[in-house]
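Asks: Show me the folded form of this:
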Amino acid sequence: MKKLNLVLLLFVLLSGCNKSPEMHHVTYEASEAVSTLHISYKNPDGDLISVNPIFNSSEDLWAVEGIFPEGEIVYISATYDEEGGTQRIRILLDGKTLKQAESRYQPGEEGRVTLAGVVPWSK
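Replies: Residues are numbered from 1 along each chain as shown. The predicted structure follows:
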């Protein structure tokens, strides 16, 4: 009987170790720019995607969304060219800010902001 209880206990403990990761909604955002930003971000397939959205005013918002598993690395980088200006980038996890950075650059400077993190494991 003790062996049966031990086997059942081991089964219960080991079955909890095979839990598949939960999926989370990740949004990358860029805002507060007034001209073109060069943005690179990691998509759910692990590919590094590069885009060059044009911002006409500081009210414009660029965003892209994806579904990522727990433990996955998320990454976004935005570079402002010679015009100078302001930029804000964010990584949102299930609608809440996971990481955020903002920078201001003078004309003639090149500025880059990079954010990276890991989708946290649920408890």
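Asks: Does the closest residue to Gly85 other than its chain neighbours belong to a helix, a strand or coil?
Replies: Excluding its sequence neighbours, the residue lying closest to Gly85 (CB to CB, 6 or more residues apart in numbering) is Val34, at 5.3 Å. Where you see a C-beta, it was placed from the backbone N, CA and C, and this is true even at glycine. Following DSSP: H, G, I helix; E, B strand; the rest coil, Val34 is assigned to coil.
Asks: residues in contact with the spatially most central residue of the chain?
Replies: In the chain, the residue lying closest to the centroid (CA atoms, centre = their mean) is Val74, at 3.8 Å. Counting by CB atoms under 8 Å, 6 or more residues apart in numbering, Val74 touches Val26, Tyr28, Lys42, Phe68, Ile91, Leu98, Ala116, Gly117, Val118, Val119.
Asks: Test my guess that the residue nearest to Gly85 contacts Ile54.
Replies: No. With contact defined as CB atoms under 8 Å, Val34 does not reach Ile54; the gap is 9.9 Å.
Asks: circling back: please list all residues in contact with the residue nearest to Gly85.
Replies: Residues in contact with Val34 (CB under 8 Å, 6+ apart) are Phe55, Asn56, Ser57, Ser58, Glu83, Gly85, Thr86.
Asks: got CSV for the residues you listed, with pLDDT, neighbour count and distance to Pro21 too?
Replies: Listed next are those as CSV, based on pLDDT from 0 to 100; neighbours: other CB atoms under 10 Å; distance: CB to CB, whole Å:
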residue, pLDDT, neighbour count, distance to Pro21
Phe55, 90, 19, 35
Asn56, 88, 9, 39
Ser57, 87, 8, 39
Ser58, 85, 14, 37
Glu83, 65, 14, 41
Gly85, 73, 20, 38
Thr86, 82, 15, 36
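Asks: Which of those fall within strands?
Replies: Gly85, Thr86 (DSSP state E).
Asks: neighbours around Ser35, how many?
Replies: The number of residues packed near Ser35 is 14, by other CB atoms under 10 Å.
Asks: separation between it and Arg88?
Replies: According to CB to CB, to the nearest Å, Ser35 stands 14 Å off from Arg88.
Asks: what does Tyr41 give?
Replies: Taking CB to CB, one finds Tyr41 at 15 Å from Arg88.
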